[in-house]
Structure formats: structure tokens, C-alpha cells
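Peer 1: need a structure here:
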Amino acid sequence: MAALPPRVQKTTFIFRTNVRKSQLESSRCGVLHVFRSSAPSGSREEHAFAWVENYELGVEATCAHLERYGFPRDRAQFIPFSSEAAWISKYPHAFPHVRCSVTGEVTGFPLWSHQAQSELEVPPEVLRAAHSAADVVAEGIKDGRTDPDNATNELPAKRKNAAGGGRLADTVLTNGERRELHNEIYNYFKWLSDRVADLETSEAGRRAVKKADLPAAALRSIVLKLEAAFKIIGQKKVAAGEKKMAEAIKKIEANVEVVDDDDDNAAMPLLEESLAREMAGLAAAEEEAKRRAKKIKLESSDRRKSTGESLDFDLMFEKLLVYKEEHGHPNVPVKYQKDIQLGSWVSGLRTKKKHYDNNSDAMEMDEEGWSLDKEEEGGDDNDNGDNGDNDNASKNNTGASQRYLNPERIRRLESIGFLWSMSKPKAKPRSWDERLEELKRWKEEHGTFKVPRAESLGEWLHNQRTLYGKRDSKFMANKAPRMEEIGYHFNVKENTSVSWEDRFQQLLEFYAKNGTFDVPCPLAEEDDDAGGDGMGNSEEVRERYKFYKWATRLHNEYRAFEKGTSSKLNAERVEKLKNINFQFKGPKSRGRPSASNGNLVPKLSWEKRLQQLESFRADTGHLDIDHNYKHCSNLGGWAAEVSTLYRNWKDGTQHLSEDMINKFHQLIALGFRFNVLPYYENNRNWDDHYEIFMRYKEEHGDSARVPLKYKADLRLGKWVQVQRQQYKNWNEGKKSKLTQERIEKLERAGFEWEVAGPGSSVGDEEEEEEC
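Peer 2: Here you go, the predicted model:
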């Protein structure tokens, strides 16, 4: 027998603060605890608890309020505490039925529920403890409470005439009250978002945030959407900013140092505190419901295990029909999140069907089509004692499958399209003769033997060409002639590759003629000679191009040789190249190439470029060409080259011919300002783009929609697109270059984060330029 608890003369409750010792003096909120002796003999103690938001303004008013009910102030003690919700969570038996707001207004009755709506609901002993019933009545009127016996369905006149005008039909809150509610909802989410952001700065905080299921990005998105949805929030923010500014000005005038307020001391939002008790009740009810459901599920599972009972087939079949109506098929995934039981049941059906099929030979069908186990009929096939256990286990599985699945149920499942196996059947490989017939049909249908590699026939044909190229003996003797009989021609190119030694000799000849090892690309020269029409198909040009690629590839091969990876260079070849003073180059720098690279800017006649400039000015009204403007044979790159050449000439670092100087004067006459910089010399930061965006808005009638292919400034259109993508990343919690400040600046400027559709975006389609 367990020991009984000891008898004692007294026991004590101890209430401890959760505020640090160093912050006790500065703590403003907490609980006022006071007690009285209610019986004449003083043998019965009664305790009251009041939550005080502001120690300086609220303690005196709270003590005066409690004195009306016989609680002397000399028996009151103030316990600093971080929040009312934290107090209720730690000491639920000491619920503060009295509450004093930040402004010093006291509401509630001691010793009784805070849900009491009038003095009529307060017990008589509480009324007798007061100096007079009239004081309680006055207190109830002050708190806005009414007599429930005289209550009507109409709102009081005070509420009808409340600030903010009327109210929506079939509602309780007035418009003004509803706006304040919107502001309090915003304050709650803003406070919660800030707290989560602070917690995410540490590993322990991130674990706490994940456990609480509070995604920071989603909270920030809610805050932004609330700011955009309700005007009252913006008005409150502006008013708070003006108040803060006025206070700062006063401090400056009084020669007092201005210090930013610490957000850590920000007051807890009203919703976090006022709904603590209600939310605790709802959470407890939800946990109790989950506990009961889990208990019922476990009991049901235990019952099925002990009795061999399975899920009701007809009930689960009805669920399967509902799933088919929603998804168009009855094949439920095993891990179906909406109904895990249904997914497991479907998986079990397939397992039972396998047992059913594997043991069909050991079954006998009766007249009605029902299958019976031989053992159930009295037969005993277990003649071998060594295999008895395995046979019994197999029979148990078979018997369970046969009892749950029967021909009628199988027909019902198959009638709705239920698949007994979700794995795709493997296609039977086709023989070589079948592939040849397929190739003949392809030629008849398409008029050609060219089959895309994406087709299985195309892959097969590629393999045949590979065997032909290798001159495979069996293929050449048996299969290649049959393919040629149907008109197929392999057309495998002869190996005309030049040896490395020949290329090296060609490099020496090139150096002797040109004095450099930098072999130019012959295609660019051919295009220029042919007027830029993409010519250059002569055998001579192709050979020169192969030599250019060989010389260019030497640098990559050398780097591979140095790293010890696969390379066509060896120590002997490297030594030969170094002996002729061949300079191996390092890897090209990543990023955008210089706009001065001649390969990027085609060579056009001067008159053609002037025509392109005039056309550009006619379209945009200026000649401030973006260096990224690739239309008109890379007009942006050409403008950057000319601008660089002009600045070098003006600085005296480069001497030019009279003809080139005259061309500069022609450009000046057109209005060209030589202000186009190549790539990295012309970077813009975020603020630069923002200023250009604001100028665009002024020039286009307050429109903030910049086309993606904005001809006058391509980078501005791209920047606008990037801001939308970064904003999407911000909302999804991904890495983003946008900050809260930048988002607010763009929204004040009327920036649109989403474009409704293709028809609503002006000039987003890239058009072919006629130059």
C-alpha cells in the first residue's frame, strides 16, 4: 500500500517573477497580489490578483479599486512579470480577474470571472465586501457593462454614435472600431514578425521558430499586405512618425541626446494578451480532440489485430469512388496525405491480390464461384514436417487474402479501372529485322532516312552508323548490305584529320609570316568581306578555321597538362612550343566580355552606322544608347567603342587621322554625346536605377510600367524585371537583394509587383529591328 501524504499545519504558495534581477526596477508591468480576511474570526483568507500594465500609473488606481471590495492596500504586493499570458500560463490558479490598462483604467471584479457582464452576476459576498452596492453599480457603468435583464438586441446609443460612423449590416463593430481592430491585427503580425526575425539570428532561435511553425517570409508578406490593404495602418504609421519626429525636435532644442527606442521594450500587442485565456481553451480542446481520436484509432487497431478484423470493404470502396470522382482514376498513392488510411488500404489490396494469384492452384471453386482453402475443407497437404512452419505461414497469408478478396470484390475493383500493379510493363525489345522494317516504313511515310535521335529508331540508326564507321566485320558482312539494299547510304566522312606535327609546322609558318602566334578567326574576316551575310563556306576558309581552333585549343590543353588531367599535349610537345616562345594564356575571366572586342562588333560601313543612329534617334528622341543594345549589328557595342576612341583622342593618349576626326564632327552634329561606356565602366547601383525609374515615370505620365525591352534604356527594363523576381524570392523566404526600405520606396512610387498578363505589359515582346 502506498504511503499516505503527511499531515501539516500549513502549506504555502510562492509566486516568483520571471524578470531578471537587473531589470526589476525598470519593469513596468506585472501582477498586483492582495489578500484579506473575510470571515469575522479572520480564519479565511481571500486572495485577489490584478494585471497592471503600467506600474507608475496603474498601481494606485488598482489599489483604490480593490479597496472597494475590502482588500486593504497595505496587504498588496507587486510582482513584476513579462506578460499577462506568461503569468496565466505559469500560475493558472491565480488568474488576474482585475485588469489595469496602460492609461490607468481599471476593469473587472476580484474573486470572480472576468466574463461577468454586470454586478448582478457578482456573488453577494463580493458585493457585501464593497463599501456600498452603489459603488459597484457605478463601477459597472464606468466599465461599459449593462444589466443583462434589460439588454436588447439593439446596440446602445453610445455605440451607434461611436467614432467612425455607422456599421455594416448584421455586425456588431462600428466602422471606427473595425478600423482599430485592423490596426491591432497589424500590430500583432508586425510584433510577431519582428520577434521571429530576432530569433532567427541564433541557432536555438531558428529551432524554436521551426517548431512553432512561424515562417518569417510569410509573416513579412502578411505585414506588407495588411499595410497595402488598410488605410488606417498607413495613417497610424505616419502619425507615429510625426510624433517621434516632434519628440526628437524637442530633445534637440533642449540639448538632449536623441537615442533610438529599443524595440525589445516594445509593448506586447493587445491581441497577444487579451486572447490568451480564450486561445488556451481552444488549444486545450484541440489537444483533447486529438488525444481522443488517437485513443480511438489505437483501440480500433488493437481490436482488429486481436480479432483478425479488417477494414470494412464497402466503406473503403465508397472512399475510393470519391477519390476517383476528384482525380479521374482510382489509383491512390501509398502516401496519400489527405487520407493515409485509404492509401494504405489500396496498397494492402495489391499485396492481397498477389497472395490470391500465387495460391490460385491450391484453391478449388465451388458452384457459386467462391474459393475455399483445401485445409478448410478438411484436407491436409502438409505431409512434410520440416516445411510445416513455412507452409502454415503461407496458408495463413493465403487464407487472410481469400477471406478479404473474393471474385466479386475483384470484379468491383476492376470495373472502376483499379490497377493491381503500378509498375509500367517493360517493352519487349525489337529484333534487328523489325527495326529494319520500321526504317523502311519511316522512309515511305517521311520520304527520308533522317530520323531524329530522340526517337528510339533514330538511336538504333545511330548505333548502326557507328558500327559502319568502325568497319565492324560482322556488321559489314551481314547487316550493312541489307540496309544498302533498301536505299540507305551511310555517307560516313573519311578521316581527313591533320597530324599534330603538321599543325605545329603550320604554326611556325604563320609566325614567320605574321610575327604573332594569335591566329584570327577566319569566319569573321569572311563575313566582313562578304558584306556580313554569313558567307564563308569555301574549303579554304574551313581549313583555316580548323587551324584557328587547333591554335586556340593549345592553351586549354596546356592547362589540362599542368593539372595532370587528360590532354593532347605531352612533355615533348610542350617543350617544342616553349622553344619557339609560344606564350600559353590563362583562362578567360568570367563575366561579360569587353564591348571593345572586335568579334562582338561587326564591321559595317560608316554610312550604315549613321543611318542606324538616325533611326534610333527617330524612335527614342535621343542618342543615349545602352551598351547592351545588341540590335542593328550590336549598335551599343559600336557606340561604346567610338566613345572610348573619342575620349582617348581628347585626352591626348591616342592620335587619329583627319578622316576619323571629321567623322567625330559628324556624330556631334547628329547629337551623339560620346557617353557610352563599355560594360564594367558603366555600372549602376540600385539607387541609380531608382532615380532613372522615377524620371521614366515623370516622362510617361506617371506610368510605372517599364517594358522589358525598353529600347531607350535596356538595363532599366531588365532592372524592373529583376525587382519583381527579388520580391517573389522575398515572399517565399529565399535569398533576396530587396530590403524592407527598398520595397517601401518602390510601393510609394506605384511600382507594380505583378503584371496581369501578356496583353497588359507594353513592349515586352522582343521585335526584330530593321536597321
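Peer 1: for the helix or strand residue 688 falls within, which positions count as buried?
Peer 2: Assigning secondary structure by DSSP states H and E places residue 688 in helix 686-699. Residues of helix 686-699 classed as buried by neighbour count (16 or more other C-beta atoms under 10 Å): 689, 690, 692, 693, 696, 697. To be clear about C-beta, it is placed using only N, CA and C from the backbone, and glycine gets the same treatment.
Peer 1: can you tell me the SS state at the residue nearest to the first one when sequence neighbours are not counted?
Peer 2: Put plainly, it is residue 689. Closest residue to residue 689 apart from its sequence neighbours, by C-beta to C-beta, 6 or more residues apart in numbering: residue 719 at 4.5 Å. Using DSSP: H, G, I helix; E, B strand; the rest coil, the three-state assignment for residue 719 comes out as helix.
Peer 1: so what's the residue count around residue 719?
Peer 2: 19 (other C-beta atoms under 10 Å).
Peer 1: distance of it from residue 697?
Peer 2: To residue 697, residue 719 is 14 Å away according to C-beta to C-beta, to the nearest Å.
Peer 1: quick revisit: contact partners for the residue nearest to residue 689?
Peer 2: 684, 689, 693 (C-beta atoms under 8 Å, 6 or more residues apart in numbering).
Peer 1: still on that earlier bit, now do the helix holding residue 688: which elements does it pack against?
Peer 2: When contacts are defined as 3 or more C-beta pairs under 8 Å, 6 or more residues apart in numbering; DSSP states H and E, helix 686-699 sits against helix 714-731, helix 740-748.
Peer 1: relative to residue 179, which of those helices is closest?
Peer 2: helix 740-748 (20.8 Å; C-beta to C-beta).
Peer 1: quick check: mean pLDDT of that closest one?
Peer 2: Average pLDDT, helix 740-748: 85.
Peer 1: what of stretch 188-200?
Peer 2: Mean predicted confidence for stretch 188-200 is 85.
Peer 1: what sits up against that stretch?
Peer 2: 205-206, 208-209, 214, 216, 219-220, 222-223, 226, 263, 266, 268-272.
Peer 1: pLDDT at residue 485, what is it?
Peer 2: 91.
Peer 1: that one - how many residues pack around it?
Peer 2: Look at residue 485: counted by other C-beta under 10 Å, it has 9 neighbours.
Peer 1: for stretch 7-22, measure first residue to last.
Peer 2: Criterion C-alpha to C-alpha, to the nearest Å; first-to-last residue distance in stretch 7-22 is 40 Å.
Peer 1: next, the buried residues of it.
Peer 2: Buried residues in stretch 7-22, defined by neighbour count with 16+ other C-beta under 10 Å: 17, 19.
Peer 1: what's the answer for stretch 57-76, then?
Peer 2: By neighbour count on 16+ other C-beta under 10 Å, the buried set for stretch 57-76 is 57-59, 61-63, 65-71, 76.
Peer 1: now the buried residues of helix 686-699 as CSV including pLDDT and distance to residue 656?
Peer 2: Formatted as CSV, those follow (pLDDT from 0 to 100; distance: C-beta to C-beta, whole Å):
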residue, pLDDT, distance to residue 656
689, 79, 35
690, 85, 39
692, 79, 33
693, 82, 38
696, 78, 36
697, 80, 41
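Peer 1: so who does residue 287 touch?
Peer 2: Residue 287 sits next to no residue when contact means C-beta under 8 Å, 6+ apart.
Peer 1: quick check, it in a helix?
Peer 2: Yes - the assignment for residue 287 by three-state DSSP puts it in a helix.
Peer 1: hmm, back to that, how about the buried residues of stretch 57-76, which pair is most distant?
Peer 2: Longest span within these, C-beta to C-beta: 57 and 70, 24.0 Å.
Peer 1: since we're on residue 321, how many residues are nearby?
Peer 2: For residue 321, the number of neighbouring residues by other C-beta under 10 Å comes to 12.
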